[in-house]
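# Sequence first, then the predicted structure, then my questions.
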Amino acid sequence: MMIRRILIANRGEIASRIIRTCRSMGIFTIAIFSEADRFAPFVSEADISVGFGTNSSVSSDTYLNPEKIIQIAKHHRVEAIHPGYGFLSENPEFARACQDARIIFIGPSVESIECMGSKIGAKLLLADKAPEVPLIPGYNGQDQSHQAFRKVADSVGYPVLLKAALGGGGKGMEVVSRGEDMESAVASARRIAISAFKSDQLLMERYFPHSHHVEIQIFGDAHGNVVSLGHRDCSIQRRHQKIIEETPSVLMTPDLYRRMSEAAVKIGKTISYKGAGTVEFLVDSSQVGKPNLNFYFLEVNTRLQVEHPVTEMVTGLDLVKMQIEVAAGKSLPEIFNLKNQLSTSPVESHGASIECRIYAEDQRFFPSTGEILKFQLEKSCQKIPGIRIDLGYSEKSLVSVHYDPMIAKVIVHDENRNSAIFKMKFALKNLIIFGVETNVPFLLEILNDDAFVSGNFDTHFIADRKYGQQLKPLTTPHEVLMAALFWNFHERKSQTKISASNPSPLTCLPMGNVPTGYRNNFYKPQRVKFQRFGNGGNSDEISMEYQHQLDHASIQESQKFVVNFPGNSQVEKSTYQVELREFQVENGILIFQVDGKISKFSCFSKNDIFYVHTSDIDEAKSTDTTFILKKMPRLPVRQSGEDQEKSHAAPMPGKILKVLVQDGANVNADDAVVIMESMKMELRILAKTSGKVGILVREGDFVEAGTPLIRIESKSKCTIT
């Protein structure tokens with residue numbers, strides 16, 4: 001059987017990834033998109049793209065709307081649906097609806113999804129059918145009261161981890177270190193679970209403070225074959241969300257891989273697994289160096305994983321192609337061109353691969369939303385073997401509060417781990433993203449950390465270093481400030497040329513064509529002020545002066561300048577001799593020479609906001625590669641009379657889950673007043689001082705960052721937990 005037409009029930013980079021493989025196989029693709037994704041790359045990459053017929057971008061109206069998706073699939077005579085990951089990819093009802101509509105669901109059977117869909121059910125099944133698979137001690141009983149969880153936790157020992165029974169992706173997880181915290185932790189985990197998975201059922205497991213998250217990539221067919229295609233280490237996590245994945249794991253040994261692969265394949269055969277799946281294990285790394293490391297079953301992801309490119313890079317396989325082939329009825333021996341019986345691990349891995357997830361977020365890990373103004377990998381990286389970038393967004397795409405903040409994945413491959421780390425750092429430093437803040441500086445910090453480089457880390461790596469809890473000052477190199485200055489200078493000159501070629505009534509006036517900032521006295525310097533933005537705040541104003549140098553031969557302005565920084569808390573007092581070398585408006589390239597050193601920058605500006613990117617950074621001092629600068633007005637601007645400090649503003653865009661106080665009520669300092677959710681995070685807004693509260697939002701509202709949530713009569717600010 002051949003599959004000729006596939007609908008992709010997903011969005012972003014995974015939709016583009018699936019389209020790429022379908023095109024190589026000659027398969028016609030139909031993409032679906034929400035209003036927020038209208039300008040996303042996958043929409044133009046598919047052969048046909050169909051909107052949901054609504055202005056809503058809420059997931060429940062779009063990518064989590066199975067009836068509408070099936071309707072579109074039928075209308076376009078689709079033979080198969082690829083669900084990607086997330087959304088409906090592990091929804092048995094959607095898989096069943098595809099089956100009822102005589103559409104192939106590219107994934108495991110309904111029964112397999114149901115077996116592993118509940119973490120509680122999965123553990124009970126394996127305890128009965130595969131007792132050799134090690135399970136973590138914990139609680140998965142029917143009594144879901146916080147007292148029941150606390151009773152078991154007191155017995156197995158703290159810390160423990162609460163999980164949504166139907167969950168995934170880190171949602172609904174709470175670490176509990178003391179019995180007194182169990183009640184509030186259960187309430188929080190249950191609230192997120194019901195919102196994300198429509199079920200408030202929880203389970204609890206013993207929490208291992210020192211562990212690695214290692215997963216086995218399995219693949220099955222409809223003929224009873226299940227194999228292991230390698231492993232991935234996903235221990236670098238933030239709030240249980242994977243940030244960096246790699247293979248091989250620093251703690252993997254041939255014996256450990258054999259035992260984990262055998263356990264994973266056993267699980268796959270127990271549930272008659274078909275297609276791509278991942279069996280996740282926890283490895284107790286406190287015993288590293290000793291033989292027979294202990295590992296424990298966590299869950300089975302019955303879908304393609306976000307980090308699947310890591311496996312593809314070291315094996316040379318196309319896992320999406322294999323998914324389609326298995327869905328069409330091919331057996332694994334046919335796919336691998338094997339005449340003999342399959343072994344547990346039929347392919348070899350070569351070299352090392354690392355994947356970094358690029359998130360639209362600031363240094364505080366708060367989402368950054370808005371329009372992507374520029375998104376590209378520098379040309380110096382594009383032709384280097386072993387560098388791959390899977391993009392979910394491009395220029396004009398809108399990063400919305402409605403979806404996960406991941407906007408791209410950068411994947412590298414090299415002969416060993418050290419060279420792969422070096423290559424990843426090079427790729428990240430040459431990734432240009434303007435319009436939103438990203439976690440690239442954070443990723444570079446990790447890759448430069450001695451503990452990460454040496455392999456001395458576990459799942460607590462990020463939490464132990466308190467990343468995101470202590471914000472670094474917004475320092476800006478002089479060269480970056482000069483790049484913004486000269487980009488603005490040349491833009492003004494370009495605009496003057498346009499004005500001269502298209503005269504307006506004003507240009508008929510005396511000096512109508514004189515450019516802004518013109519001086520007939522070359523010895524009078526001009527002053528410009530910038531302010532750097534980031535992490536929900538901004539730096540102090542930074543002043544700089546520049547002065548044209550006179551070309552005495554032609555009595556004209558040259559491309560040489562003297563730039564002076566008077567000095568303040570942000571920058572040191574310095575003076576530079578600068579010569580402009582190249583200015584490419586179309587490509588956003590600016591090159592100039594500073595005291596003998598030639599530097600290259602990528603630049604973009606919009607409404608006096610300047611974006612400057614440089615790959616020439618001193619990683620020991622800062623890992624910032626992209627800078628957002630605002631040109632300040634020459635004269636002070638009168639501020640609004642409203643007292644903004646009385647408002648508790650939303651620190652990030654998101655949804656108001658719960659308003660905890662009534663309008664007009666009196667609150668005390670540190671009382672929780674509002675709970676909001678954004679991109680898989682739940683935040684509590686606390687009152688810092690006592691006073692009478694005024695409610696400015698309603699439960700269910702979607703708010704942008706900076707939207708006032710409540711107002712307290714006494715002077716106050718908000719804090720977040």
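Looks like it arrived, so ask away.
# Quick one: low-confidence residue ranges for the stretch 151-300 of the chain.
The stretch 151-300 of the chain contains residues with pLDDT under 70 at 168-170, 289-291.
# repeat that with 50
For the stretch 151-300 of the chain, applying pLDDT under 50 flags no range at all.
# what's the single longest helix in this structure?
Criterion DSSP state H: the longest helix present in the chain is helix 478-501.
# What is the neighbour count of Ser380?
Ser380: 12 surrounding residues under other Cβ atoms under 10 Å. Backbone N, C-alpha and C define where each C-beta goes, glycine included.
# Can you tell me, leaving aside adjacent residues, what's nearest to it?
Asn430 (6.1 Å; Cβ to Cβ, 6 or more residues apart in numbering).
# Who are the packing partners of the top strand by length along the chain?
Looking across the chain with DSSP state E, the single longest strand is strand 226-238. Judged by 3 or more Cβ pairs under 8 Å, 6 or more residues apart in numbering; DSSP states H and E, strand 226-238 is in contact with strand 211-220, strand 241-247, helix 254-270, helix 308-315, helix 461-464.
# Extract the C-alpha trace of that strand and format it as PDB.
Extracted C-alpha coordinates of strand 226-238, given in PDB (Å, rounded to 0.1, in the frame of the first residue of the first chain):
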ATOM      1  CA  VAL A 226      10.200  -4.000  18.000                       C
ATOM      2  CA  VAL A 227      13.800  -2.700  18.000                       C
ATOM      3  CA  SER A 228      16.000  -0.200  19.900                       C
ATOM      4  CA  LEU A 229      17.500   2.600  17.700                       C
ATOM      5  CA  GLY A 230      19.800   4.100  20.400                       C
ATOM      6  CA  HIS A 231      19.400   6.400  23.400                       C
ATOM      7  CA  ARG A 232      19.400  10.000  24.300                       C
ATOM      8  CA  ASP A 233      20.300  11.900  27.500                       C
ATOM      9  CA  CYS A 234      17.800  14.600  28.400                       C
ATOM     10  CA  SER A 235      19.000  15.600  31.900                       C
ATOM     11  CA  ILE A 236      19.500  19.300  31.200                       C
ATOM     12  CA  GLN A 237      16.000  20.400  32.100                       C
ATOM     13  CA  ARG A 238      14.200  23.400  33.500                       C
END
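# Can you list the strands that it pairs with?
strand 211-220 (antiparallel), strand 241-247 (antiparallel) (DSSP bridges).
# Could you point out which of those sits nearest Thr62?
Thr62 sits nearest to strand 241-247 of all these, at 22.4 Å, using Cβ to Cβ.
# Tell me how far Pro385 lies from Ile32.
Here Pro385 is placed at a distance of 34 Å from Ile32 (Cβ to Cβ, to the nearest Å).
# Could you check which of those two has the larger neighbour count?
Using other Cβ under 10 Å as the criterion, Pro385 and Ile32 rank with Ile32 on top: 27 against 9.
# Setting aside sequence neighbours, what's the nearest residue to Lys321?
Closest to Lys321 by Cβ to Cβ, 6+ apart is Thr21, at 5.1 Å.
# Helix, strand or coil: sort out the one you found for me.
helix (DSSP: H, G, I helix; E, B strand; the rest coil).
# likewise Gln531?
Going by three-state DSSP: Gln531 is strand.
# Look at it and report its pLDDT.
On pLDDT, Gln531 comes in at 89.
# Give the bridge partners for it, please.
Lys630.
# any idea how far Arg357 is from it?
Counting by Cβ to Cβ - Gln531 and Arg357 are separated by 30 Å.
# Compare those two (neighbour count), which wins?
Neighbour totals were compared for Gln531 and Arg357, and Arg357 leads with 22 against 17 (other Cβ under 10 Å).
# next one: phi and psi at the residue nearest to that one when sequence neighbours are not counted?
Spatial nearest neighbour of Arg357, excluding adjacent residues (Cβ to Cβ, 6+ apart): Met406 at 5.3 Å. Met406 adopts backbone torsions of phi -70, psi 120, taken as degrees, to the nearest 10.
# from memory Met406 sits against Asp390, does it?
No. In this structure Met406 lies outside contact range of Asp390 using Cβ atoms under 8 Å: 10.0 Å.
# can you list residues touching both of those two?
Common contacts of Met406 and Asp390 (Cβ atoms under 8 Å, 6 or more residues apart in numbering): Glu13.
# Let me know how buried the spatially closest residue to Gly12 that is not a sequence neighbour is, in neighbour terms.
Leaving aside its chain neighbours, Gly12 sits nearest to Gly392 (3.5 Å; criterion: Cβ to Cβ, 6+ apart). Neighbour count of Gly392, defined by other Cβ under 10 Å: 27.
# So Gly392 versus His223, what's the distance?
Gly392 is 35 Å from His223, by Cβ to Cβ.
# same thing with Asn140?
For Asn140, the distance to His223 - Cβ to Cβ - is 33 Å.
# For the stretch 351-500 of the chain, which segments count as strands?
352-359, 370-371, 374-377, 387-391, 398-399, 406-414, 431-434 (DSSP state E, counting those that start in this stretch).
# For Thr575, the count of nearby residues, please.
11.
# wait, I meant Gly220
24.
# from what I can see it touches Val265, true?
No. If you go by Cβ under 8 Å, Gly220 and Val265 don't touch, sitting 9.0 Å apart.
# if I look at those two, which residues touch both of them?
Common neighbours of Gly220 and Val265 (Cβ under 8 Å, 6+ apart) are 226-227.
# The residue nearest to Gly12: what's it in contact with?
Gly392 neighbours (Cβ under 8 Å, 6+ apart): 11-14, 16, 40-42, 406-408.
# cool, Asp624 as well?
So Asp624 contacts 441, 617 (Cβ under 8 Å, 6+ apart).
# Now do the SS call for it.
coil.
# roughly how far apart are it and His613?
Distance from Asp624 to His613, by Cβ to Cβ: 10 Å.
# One more: Ser397?
Distance from Ser397 to His613, by Cβ to Cβ: 18 Å.
# next one: Ser454
Taken as Cβ to Cβ, the span from Ser454 to His613 is 30 Å.
# Between those two, tell me which one has more neighbours.
The residue with more neighbours, out of Ser454 and His613, is His613; 25 against 9, by other Cβ under 10 Å.
# residues contacting the closest residue to that one other than its chain neighbours?
Spatial nearest neighbour of His613, excluding adjacent residues (Cβ to Cβ, 6+ apart): Ser602 at 4.2 Å. Residues near Ser602 by Cβ under 8 Å, 6+ apart: 374, 378, 432, 588-590, 612-614.
# same thing with His210?
Applying Cβ under 8 Å, 6+ apart to His210 gives the contacts 284-286, 458, 460.
# Throw together a PyMOL command that grabs the buried residues out of those residues.
Applied in PyMOL, the following selects the buried portion of the contacts of His210 according to 16 or more other Cβ atoms under 10 Å:
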select buried, resi 284+285+458
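# mind checking the SS state of Gln147?
From three-state DSSP, the assignment for Gln147 is helix.
# That one and Gly138: what is the separation?
Counting by Cβ to Cβ - Gln147 and Gly138 are separated by 16 Å.
# quick one: which of those two has more around it?
Remark: of Gln147 and Gly138, Gly138 carries more neighbours, 21 against 10, as counted by other Cβ under 10 Å.
# Number of residues surrounding the closest residue to the more buried one other than its chain neighbours?
Distances taken as Cβ to Cβ, 6+ apart place Glu205 nearest to Gly138, at 3.7 Å, with adjacent residues excluded. Applying other Cβ under 10 Å, we find 21 other residues in the vicinity of Glu205.
# picking up where we left off before, would you tell me which of the helices and strands packed on strand 226-238 gets closest to Ala276?
Using Cβ to Cβ as the measure, strand 211-220 is the one of those that comes nearest Ala276, at 5.7 Å.
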